[in-house]
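Trainee: What shape does this take:
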Amino acid sequence: MSTTNKISDQEEVTAHIKKLDPALGKIIEYLRKIILSTDKEIGERVKWNNPSFYYTGEMKPFNPKEYKREIIVFNLFKGRIMLVFPSGAKIKDKTGLLQGDYKDGRRIIIFKNMEDVKSKEKALQGLIRQWLKLVDR
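Mentor: Purely as a prediction, here's the structure:
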């Protein structure tokens, strides 16, 4: 009988962040706390080789290719701090944080540094809460 010590999704996200440049990792860890503290039904995992956050609650059945459960996926390519909202077009964003007009419905937020993140923290949580209200339960 083989025993595998599979690490939890949270441990995998932590390990992923620890591999980043320390300055970037500190910002990503701060963003992680903001996102997870927004609602108890937000889970985390590594998806598409980056930390991602998703709705953990009950939902009506849907095609998995629609990514209806995905709230935010980090894109940390070349050290930039980009949050991708795969279905961000559904959110009526009055903050101007969500950028882009992609045909697939995604929107993005780009942060420059920790100061930028802290100045937009409340607006980011507001967008996440708005997204959660649109979940097809």
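Trainee: Which of the residues in the lengthiest helix in the chain are classified as buried?
Mentor: Longest helix of the chain, by residue count under DSSP state H: helix 114-133. Across helix 114-133, burial judged by 16 or more other Cβ atoms under 10 Å covers 117, 120, 123-124, 126-128, 131. C-beta here means a position set from N, CA and C on the backbone, and glycine is covered the same way.
Trainee: nearest to K68, of these?
Mentor: Among those, W131 lies closest to K68 (Cβ to Cβ), at 10.6 Å.
Trainee: low-scoring pLDDT stretches of this protein, where are they?
Mentor: 1-4, 67 (pLDDT under 70).
Trainee: for it, what spans make up the strands?
Mentor: Ranges of strands within the chain are 42-47, 50-55, 70-75, 81-85, 107-111, based on DSSP state E.
Trainee: Bridging across strands, which residues link to the closest residue to R32 other than its chain neighbours?
Mentor: Distances taken as Cβ to Cβ, 6 or more residues apart in numbering place P51 nearest to R32, at 6.5 Å, with adjacent residues excluded. Taking DSSP bridges as the rule, P51 bridges to V46.
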